[in-house]
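Participant: Next input, structure requested:
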Amino acid sequence: MHDIVGEDHVDLYEKKQAYKEKAEEEAEEDHLSPSRWWFATTLFPLIAGTFGPMASTFSLCALIEHWRLIQDPTSTETEGQHVSDPSWVLAVNAVSFVIAIIANMFLLANNFGRIPFKIAQPVTIIGWYIASFMLIGLVAAAPSHLPLPPGEARTFSQAYYYAILAAALYFIVASLLVTTASGVWFGRYSSDFKLTFSQKTLMIQVLLFLGYLLSAAAVYAFVENWDYLDAVYWVDVTLFTIGYGDFSPKTHLGRSLFFPMAIGGILFVGLIVASISTLALDRASTKVSIRMVEKARQKALKKFDPKTGTTHLRPFKERRIENDPSTELKRRELEFDIMREVQQKAANDNRMLALGISVSAFVILWFIGAVAFWQAERGAGNWSYFESLYFTYVSFLTIGYGDFYPQDNSAKPVFVLWSLIALPTLTVLIGSIGGVINEGVNTITLWISDRLPEKTGALSAMKDEASKAKGSEFQSAKPPGFMDEGKSDDAKIDDPAHAEAVKGISQNMNEHPGGNAKDLAAGKYYRHYLLMKEMKNVVQHTGATPPRQYTYAEWAWFLKLLGEDESDEERHRRPWEVHESELAATANGEGPASAREQGGRLKPWSWLSQRSPLMTAVDEPKWVLERLMQTLEQELRQEGEKNLEQEKGRQPGTMNC
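Facilitator: Numbering: from 1, shown residues only. Take a look at the predicted model:
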């Protein structure tokens, strides 16, 4: 019976390991997949999950007030008299709203893994298209089928324009999900993609903020006797800290409620902006950066000349890897340096791309927004295009002087939508500019400090911080000789325990030729101690900002502990061999995961290959820490099973059932 239980335990462990290895392989294939797949599987559902509820909010605004106004020529449009809509307008509007809410619920349930993709996506897409077409039909029919009394100045209320915005948003987000679903239907990627916790958090934050906005507007519409949609506009202007001054609380109760309402809403805005900034600057930037590294790596391999051992990362900059270097370690270090340069080039390109996209989004929102407000206010405010540009810029920076503010019924809904997009865009732009400036400051600091005669005081501290940010800080002293020429078995290491410790983890310690069992056991246990010691060191590097990058000497030490000896030529490939093998694997339809051996160990690899530790989607300390923990876990488990077998063998009459 004991044997059966032990076998079941082993089977369960092997299943867990197989599941973990499969998950790692899928993650590695995902981060090397084209960026457009990330847009389709992550960005589009995220946009739909945030703008879908926003469209439903606008749809509710279109439903809550009548669409027609009789305007007094001596006053603004907002002071007009509402005219009741026919029942069929309210009915169609309400049905559209309910269908859209159901579609939103299915999308949310799918994003949280409660409803399968093949059920949720069709319901969401069809529901949003139906809601959009129903509102488009209402908007198109309104001018001719909603007559006003003859002789009166006819105009539409804000609700009519909210209906237009809701219809447009429903159509856009539904079309984005069609793009996502088509990739699944054509087999481009699996339907099992899942949003991260931070992405789900953003969707919930947007839902709560929109609910807060509508609830606060309802309270102030009642307390201050405002039209509900004017209250929505005022709450939006207030929470984004713009404050034009065209609306403000006049009652004692309204001013009293303002204290908790304003601080609560601003906190909501801060949370959402922080989440968007994190996703845009970290998650999206990381994905794009990894793809840039992959493209730069492939370019370096493609331009590699086996005869001269040279490649070009930039048009006029040549890098050389000696075909016959003095040692394998030296050749590997040259490969490592080229890969680091590939990473640096990709990081610079990524920063400039992020800055370019952020600036473009800012300019588009500024100039296109100015066109929208210019056209909307040509009647009520009689704005010129330059005045509209000025208003949009002042609003973008949340200054809000109050000399210009939306007055037309079409301008206020457009402003609410524009402000919900503009402020996060400005935050992303500031973060992108900050990243470029911070990198430049670190580079300049290192350049200046390297050229001064002495590093003391504040300058030394500045250089240390800049070096840390650039990833040039060395880990700690390692056993003497671990970077010597030759394999680890031949390394000249003073401490026998250290020598035994770095002998290659893939080999069974009890099968080494020579030496007695006591010495081997001592070295084995000391190596376990070294694994624990390095895990303790590496833990301190996880979560560092910017992420920690290890030197080649550090990587050589970590890999030696993991059984990948950098001086072992048999375990390595040359760059041109890597390029040929990857082309062959692509032609055969094989992914990068096929490069693993059955035991989980890497096949012969290069620092410029897809299996390089520098090509992982996680930070380097996390990669090292996971491998050290996995190694120690496997060895302790094997040792425990071996001791158990020996113990059973020493017990006479053991029953096997």
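
Participant: List the buried residues in stretch 268-280.
Facilitator: 268-269, 272-273, 275-280 (16 or more other C-beta atoms under 10 Å). Placement of C-beta: from N, CA and C, glycine included.

Participant: longest single helix anywhere in this structure?
Facilitator: helix 328-376 (DSSP state H).

Participant: Which other helices and strands does it contact?
Facilitator: Secondary-structure packing of helix 328-376 (3 or more C-beta pairs under 8 Å, 6 or more residues apart in numbering; DSSP states H and E): helix 285-302, strand 310-314, strand 317-320, helix 385-396, helix 411-451, helix 552-561.

Participant: Average pLDDT for that helix, rounded please.
Facilitator: Mean per-residue pLDDT for helix 328-376: 87.

Participant: how many degrees apart are that helix and helix 285-302 in direction?
Facilitator: 130 degrees (axes from the mean of the first three to the mean of the last three C-alpha atoms, to 10 degrees).

Participant: about what we covered before: for the buried residues of stretch 268-280, give me TSV that also has secondary structure and pLDDT.
Facilitator: Below are the buried residues of stretch 268-280 laid out as TSV (DSSP: H, G, I helix; E, B strand; the rest coil; pLDDT from 0 to 100):
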residue	secondary structure	pLDDT
268	helix	88
269	helix	89
272	helix	86
273	helix	82
275	helix	81
276	helix	78
277	helix	71
278	helix	70
279	helix	69
280	helix	59
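
Participant: just checking, what packs against the helix or strand containing residue 59?
Facilitator: Residue 59 belongs to helix 44-64 when assigned by DSSP states H and E. Judged by 3+ C-beta pairs under 8 Å, 6+ apart, the packing partners of helix 44-64 are helix 87-111, helix 117-145, helix 158-185, helix 197-223, helix 228-239, helix 411-451.

Participant: Identify whichever of these lies nearest to residue 645.
Facilitator: Checking the helices and strands packed on helix 44-64 against residue 645 by C-beta to C-beta gives helix 197-223 as the closest, at 42.8 Å.

Participant: what stretches of the stretch 501-650 of the chain score poorly on pLDDT?
Facilitator: For the stretch 501-650 of the chain, applying pLDDT under 70 flags the ranges 501-523, 576, 578-602.

Participant: Tell me which of the helices and strands packed on helix 328-376 is the most buried.
Facilitator: Counting by mean count of other C-beta atoms under 10 Å, helix 552-561 has the highest mean neighbour count of the helices and strands packed on helix 328-376, with a mean of 21.

Participant: per-residue confidence averaged over the helix or strand that comes right after the helix holding residue 59?
Facilitator: Downstream of helix 44-64, the first helix or strand assigned by DSSP H and E is strand 68-70. Looking at strand 68-70 alone, the average pLDDT works out to 83.

Participant: just checking, what packs against the helix or strand that strand 68-70 is followed by?
Facilitator: The helix or strand immediately downstream of strand 68-70 is strand 81-83, counting by DSSP H and E. Contacts defined by 3+ C-beta pairs under 8 Å, 6+ apart place strand 81-83 against strand 68-70.

Participant: Buried residues, the strand it packs on. List them.
Facilitator: 68-69.

Participant: What is that strand packed up against?
Facilitator: strand 81-83, strand 154-156.

Participant: So which bits of the first one are buried?
Facilitator: In this case it means strand 81-83. Neighbour count says strand 81-83 has residue 83 buried, by 16+ other C-beta under 10 Å.

Participant: One more: stretch 366-383?
Facilitator: Quick answer for stretch 366-383 (16+ other C-beta under 10 Å): 366, 369-370, 372-377, 380-381, 383.

Participant: Pull the distance from that stretch to the chain's centre.
Facilitator: 35 Å (C-alpha atoms, centre = their mean, to the nearest Å).

Participant: got the contact list for it?
Facilitator: With contact meaning C-beta atoms under 8 Å, 6 or more residues apart in numbering, stretch 366-383 is reached by 76-77, 384-385, 387-389, 391-393, 396, 404, 406-408, 410-411, 414-415, 418, 422.

Participant: one more time with 10 Å, if that's ok
Facilitator: Contact partners of stretch 366-383, identified using C-beta atoms under 10 Å, 6 or more residues apart in numbering, comprise 76-78, 155, 161, 384-393, 395-396, 404-415, 417-419, 421-422, 425.

Participant: same check, this time on stretch 104-113
Facilitator: 45-46, 48-49, 52-53, 55-56, 114-125, 127-128, 131, 173, 177, 191-192, 194-195, 199-200, 203-204, 207.

Participant: avg pLDDT for that stretch?
Facilitator: So the average pLDDT for stretch 104-113 ends up being 88.

Participant: hey, where'd the helices end up in the stretch 501-650 of the chain?
Facilitator: With DSSP state H, counting those that start in this stretch as the criterion, the stretch 501-650 of the chain has helices at 517-539, 552-561, 575-587, 620-649.

Participant: Need the winner for burial among the ones you listed.
Facilitator: helix 552-561 (a mean of 21).

Participant: Dump that one to CSV, restricted to CA.
Facilitator: Output of helix 552-561 as CSV, limited to C-alpha atoms (Å, rounded to 0.1, in the frame of the first residue of the first chain):
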residue,chain,number,x,y,z
TYR,A,552,28.1,38.3,-17.9
ALA,A,553,30.2,37.1,-14.9
GLU,A,554,27.0,36.9,-12.9
TRP,A,555,25.2,35.0,-15.6
ALA,A,556,28.1,32.6,-15.9
TRP,A,557,27.9,31.8,-12.2
PHE,A,558,24.1,31.4,-12.2
LEU,A,559,24.2,29.1,-15.3
LYS,A,560,27.0,27.0,-13.7
LEU,A,561,24.8,26.4,-10.7
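
Participant: All set now, cheers.
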